[in-house]
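Visitor: The amino acid sequence is not available; the structure is as follows:
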């Protein structure tokens, strides 16, 4: 039931494959070697963190969201009532 040994010429041919296809040392760019060394969950979490930071900066600098303390309460309430329509705002309280 044991498999037959491979012919000698086939074993030599297979043994020569790594020698024929050598890659020069340091062929991969630095960032690729660095990414190969980190784990996938760490890389995903760092990507998510950087994306969140980029979106925050974009919202802050584009003027879509007011970041000053002088933002009116009515604008905030309008946003809350738009996102959470079942939540009563100060204008709805009697």
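Guide: Done, it's in. Remember, predicted model here, so these are calculated numbers, not experimental data.

Visitor: Can you pull out the low-pLDDT segments for the chain?
Guide: Scanning the chain for pLDDT under 70 picks out 25-26, 66-76, 87-94.

Visitor: Tell me where the longest helix sits in it.
Guide: helix 40-62 (DSSP state H).

Visitor: Pull out the buried residues from it.
Guide: When burial is assessed from 16 or more other Cβ atoms under 10 Å, helix 40-62 yields no buried residues. Using the backbone N, CA and C atoms, a C-beta is placed for each residue, glycine as well.

Visitor: just how off-centre is it within its chain?
Guide: How far helix 40-62 lies from its chain's middle: 8 Å, per Cα atoms, centre = their mean, to the nearest Å.

Visitor: now do stretch 2-12
Guide: 46 Å.

Visitor: next one: stretch 5-20
Guide: 42 Å.

Visitor: what does it contact?
Guide: Residues outside stretch 5-20 that contact it (Cβ atoms under 8 Å, 6 or more residues apart in numbering): none.

Visitor: Adjust the sequence numbering to begin at 408 for everything that follows.
Guide: Sure, I'll start numbering at 408, so the last one becomes stretch 412-427.
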